[in-house]
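Dropping a prediction and its sequence here:
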Amino acid sequence: FTINQETGEIRVLDSRKLDYEQIKELFVNIECIEINRLHEPKIKTRKGSINMLVKLRNLNDNPIEFHLPKYEYSIEENLRNLPHDLNGKLIQINDPDLNDGSNYLENDDKIKLDLIGEDSIGTFRLVKLTRFVYKIEATQTFDYEFKQIYEFSIRANDGLHTTRVPVIVSIIDQNDNRPVFEANKYQFVIDENAPLNTFVGQVKAFDLDKTNENNLTLYKFFIHSDEDLFNLDRTTGVLTVFNRDRLDRELNEKFNLTIVAYNPNRANELFDTTNVIIILNDLNDQIPEFDQPIYQVYIREKLNRLP
């Protein structure tokens with residue numbers, strides 16, 4: 001503070017030091033001295049003093065504070081019970097101007113919180129639990145294959161100041177898609193009597209789940225297929241010759257196989273089947289044979305020539 005020595009008017013010298021959140025009130029000692037006696041050393045100077053109590057009035061000079069600089073959550077896709085709480089931290093706020101209970105406001109009606117950002121529209125909502133505690137709820141079902149991350153902000157306004165804090169919601173992938181073969185039917189051609197491990201062909205299925213854990217696809221023969229003739233790689237879907245002795249086109253022109261693509265952790269629920277036809281290519285692998293071991297014919301004697 002500063003004081004006019006003639007009028008006694010007191011003024012604030014540095015308002016930055018007058019912070020209600022740091023000092024609520026302070027005493028200022030004011031001393032008054034008779035000026036005309038200051039030049040007369042032999043005469044005792046008369047003076048007086050008084051303590052002045054200065055009380056600071058609280059103003060709205062601080063923005064709303066969030067307890068965390070960022071809020072991160074995760075939620076599984078396909079949840080049906082809506083609205084659904086986001087598992088994680090509650091939104092806690094603090095208004096420094098309210099700490100002593102006697103704010104510049106009679107109540108907290110001017111404190112408003114809302115969600116802003118395109119990702120929050122129709123997707124999340126803010127729920128007030130107490131005066132300074134909120135939570136975020138999901139209002140729709142999520143699909144990981146459509147969108148994996150949602151980003152938006154919480155905005156807090158006290159009537160004068162605005163504060164924002166970012167929110168990130170990660171969607172957790174679930175195994176909700178079955179593998180699907182690229183074709184309903186495959187047809188491969190190999191030579192009869194093909195050697196062991198000869199490449200026959202490859203079947204392929206795709207799974208729309210994004211994470212490796214949930215889109216892992218394995219292959220196997222369906223029951224009653226000719227699996228003893230061919231080998232199927234369970235991870236790649238590659239077919240190779242396993243038993244060449246039965247690959248005889250004179251006995252079988254083609255073979256029909258049924259192959260299953262499945263997710264190992266949900267094999268009985270998420271699978272697909274396809275039909276595989278393997279045609280044997282005929283080779284010149286047989287020697288000529290007579291119909292009978294002995295042929296007998298009769299002719300007349302004395303014939304000049306045979307008919």
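Arrived safely, thanks for sending.

contacts, neighbours, all on C-alpha from now
Fine.

As a check, name the ranges of all helices in the protein.
Applying DSSP state H to the chain gives helices spanning 212-215.

which regions of the stretch 51-200 of the chain sit below the pLDDT cut-off?
By pLDDT under 70, the weakly predicted segments of the stretch 51-200 of the chain are 56-61, 98-109.

Which parts of it are strands?
Along the stretch 51-200 of the chain, the stretches classed as strands by DSSP state E, counting those that start in this stretch are 65-66, 71-76, 84-85, 91-94, 112-116, 124-128, 133-138, 149-157, 162-172, 180-181, 185-191, 199-202.

Could you identify which of those is most buried?
Of all the strands of the stretch 51-200 of the chain, strand 180-181 carries the top mean neighbour count, a mean of 20, counting by mean count of other CA atoms under 10 Å.

Any idea how far it is from the middle of the chain?
Offset of strand 180-181 from its chain centre (CA atoms, centre = their mean, to the nearest Å): 25 Å.

Could you list the paired strands of that strand along with their orientation?
Strand pairing for strand 180-181, using DSSP bridges, gives strand 205-206 (antiparallel).

The strand it pairs with: how far from the chain's middle?
The chain centroid and the centroid of strand 205-206 are separated by 23 Å under CA atoms, centre = their mean.

Indicate which one of the strands of the stretch 51-200 of the chain is closest to Glu25.
Among the strands of the stretch 51-200 of the chain, strand 91-94 comes nearest to Glu25, with 22.6 Å by CA to CA.

Report all helices and strands that the closest one contacts.
Applying 3 or more CA pairs under 8 Å, 6 or more residues apart in numbering; DSSP states H and E, we find strand 91-94 packed against strand 65-66, strand 133-138.

Quick one: the strands in the stretch 201-307 of the chain, in order.
Applying DSSP E, counting those that start in this stretch to the stretch 201-307 of the chain gives strands spanning 205-206, 218-221, 230-232, 238-241, 254-262, 271-281.

Run through who's touching stretch 179-186.
203-208, 215, 217, 261-263, 270-277 (CA atoms under 8 Å, 6 or more residues apart in numbering).

ok, 7 Å please
Outside of stretch 179-186, the residues within contact range by CA atoms under 7 Å, 6 or more residues apart in numbering are 204-207, 217, 261-262, 270-272, 274-277.

picking that back up, dump the strands of the stretch 51-200 of the chain to JSON lines, plus distance to Phe242.
Formatted as JSON lines, the strands of the stretch 51-200 of the chain follow (distance: least, CA to CA, whole Å):
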{"stretch": "strand 65-66", "distance to Phe242": "67"}
{"stretch": "strand 71-76", "distance to Phe242": "44"}
{"stretch": "strand 84-85", "distance to Phe242": "54"}
{"stretch": "strand 91-94", "distance to Phe242": "63"}
{"stretch": "strand 112-116", "distance to Phe242": "63"}
{"stretch": "strand 124-128", "distance to Phe242": "57"}
{"stretch": "strand 133-138", "distance to Phe242": "54"}
{"stretch": "strand 149-157", "distance to Phe242": "48"}
{"stretch": "strand 162-172", "distance to Phe242": "42"}
{"stretch": "strand 180-181", "distance to Phe242": "23"}
{"stretch": "strand 185-191", "distance to Phe242": "13"}
{"stretch": "strand 199-202", "distance to Phe242": "10"}
